[in-house]
Structure formats: structure tokens, C-alpha cells
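Engineer: Coordinates for the following, if possible.
(one chain, ligands or ions: 2)
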Amino acid sequence: MFFPREGEVMTEPTLHALDWPRIERDLDAYGAAVAPNLLAPDACRALAALYPDDQSFRSTVVMARHGFGRGEYKYFAEPLPAVVGALRQTLYRRLAPVADRWSAAMGRADRFPADLDAFRALCRAAGQGKPTPLLLRYRAGDYNCLHQDVYGALVFPLQVAVLLSAPGRDFSGGAFVLTEQRPRMQSRVEVVELGQGDGVIFAVRERPVEGTRGVYRVALRHGVSRIRSGERYTVGIIFHDAA
Ligand SMILES: O=C(O)CCC(=O)C(=O)O
Ligand SMILES: [Fe+2]
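Structural biologist: Ligands and ions are numbered 1, 2, ... in the order given. Model prediction:
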């Protein structure tokens, strides 16, 4: 296992050193998988420290104003910070085949190009030209209501969130949660435990589940439980761009 040096983004060979068979198994079984140590602590701190720098962002969302919860987030402007751009590119490459496999299993026609630039060109042609990677900031009492990050007709079925703060030291509470709504059944919840720099890869809105009578689709939503104390930052990497 390689680890990125302090201040360095995980490079492509390092991403390949992740346990991808385990990640794919978890994605297939639970709709979510942890990708440990995507960013070194220095890189986490540097990204979180960008929050007040309005030059880095194209817009700010105060969640309470929209009924999204409590807390804030900002969408990065282009050019994205190098670490965010690099993670988006390399994770996309690795996840595109999973996205294709899921689409096919669910009987959907969508297929995804092998690299992010080609997929983003499709987004632009569909009128989705605004970059969606974002930086989220939560303080004590804040939370993120269950939601799906859909920004137009083109949806890449997986996304990634990287925890930038250290649980137990920088904040308490603030668990990343996913719920899964199965047809005609009660919802199932999954709590994902993350350390600083860990990413969670998860389904944007649905995933295939093998039942006794074939594959069916389950709908997923994600959110963050209430932050009890401190400050919690995350970087969200969504692959489709926004209308
Ligand atoms: O703060 C988090 O852990 C989740 C943020 C989120 O909703 C996202 O990245 O799409
Ligand atoms: Fe989200």
C-alpha cells in the first residue's frame, strides 16, 4: 500500500493500489465503499482553508435557506484546485466501468466514456456546463438532510465525498449516512465511518440489487447527521456537471 506524501494528492498508481476488488464488492453489496487515505492531512487542511477564499468558488449555498439542512457549501470555480481536479479525473477512470456495469444491470441505456473529459463534453452538449465539485462546512448543530445530487438529465451514477476534518479532534457527531429505499419495503440505513482524508464512494440515486426474480433498482439518498461540536469540512466530488 502506498500513501501520498504530506501535501501531495494520491497519484494514479496510488489509486490503483487501493483495494479495488473490495471497493467494488462493497459498492455492489451496500451502495457505498470507503477509499482510505485519498488525501494526506496536509492536503485536507489546505483544502479546508480555502473555504473563506471567494476567488476559488463560483457560488455559495446557505443550506437553511433551501430547506437542505444547516451549514454551508461552495461550488469550486474552474480551474479546480489541483488536488480536486486530479482526484476527479483518476476516480472517474476507475469508476466508469462500474457505472457501465450498474447501468446495464438496471436495464438503463446510459454508458459512460472511459475518461472524464469525454464525459464532461457530453455534459456540456446537454447544457450542463457548470463544475459541481464542492466544499462543505458544518459547525455545531449543522446537518445535511437526505438528498440526491442530480443536476440535470446526465447523471454519473457514483460520487465521492472526502472527509477533510479529523473526527474526535476537529468535530464530534456528523456521521455520513445513506438510506436505501427498496420497492415496497422499509428503508435501510448505512452509517459510513471515515477518518480524515478517507473518501466514501457511493451511489448518487440508485443501484442494482439482485433479487430472487432478477435485478431490481433501489433508490439511495445520503446526508450527514448533526455535528455535536467543532467544525467538519468535506470535499464533494460529483462527476456530472450542472445545468
Ligand atoms: O459532508 C458530507 O459528508 C456529505 C456531503 C455531500 O452531500 C456530498 O458530498 O454530496
Ligand atoms: Fe450530497
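
Engineer: Only C-alpha atoms from now on, for both contacts and neighbour counts.
Structural biologist: Fine.

Engineer: The closest residue to Ala32 other than its chain neighbours: neighbour count?
Structural biologist: Sequence neighbours aside, Phe202 is the residue nearest to Ala32 in space, at 4.2 Å (criterion: C-alpha to C-alpha, 6 or more residues apart in numbering). Phe202 is flanked by 24 other residues according to other C-alpha atoms under 10 Å.

Engineer: any idea which element Phe202 lies in?
Structural biologist: Following DSSP states H and E, one finds Phe202 within strand 199-203.

Engineer: got it, and Ser172?
Structural biologist: Using DSSP H and E, Ser172 falls in strand 171-173.

Engineer: Just give me how far the next helix or strand after that strand sits from the chain centre.
Structural biologist: Using DSSP H and E, the next helix or strand after strand 171-173 towards the C-terminus is strand 176-181. Remark: strand 176-181 is offset 13 Å from the chain centroid, using C-alpha atoms, centre = their mean, to the nearest Å.

Engineer: for the closest residue to Arg124 other than its chain neighbours, phi and psi?
Structural biologist: Spatially, and ignoring its direct neighbours in sequence, Arg124 is nearest to Asp241 (7.8 Å; C-alpha to C-alpha, 6+ apart). Taking degrees, to the nearest 10, you get phi -90, psi 170 for the backbone angles of Asp241.

Engineer: mind checking how far Asp53 is from ligand 1?
Structural biologist: For Asp53, the distance to ligand 1 equals 19 Å [C-alpha to the nearest ligand atom, to the nearest Å].

Engineer: what's the burial count for that residue?
Structural biologist: Asp53: 8 neighbours (other C-alpha under 10 Å).

Engineer: Over to the one 4 residues further on?
Structural biologist: For Phe57, the tally of surrounding residues (other C-alpha under 10 Å) stands at 21.
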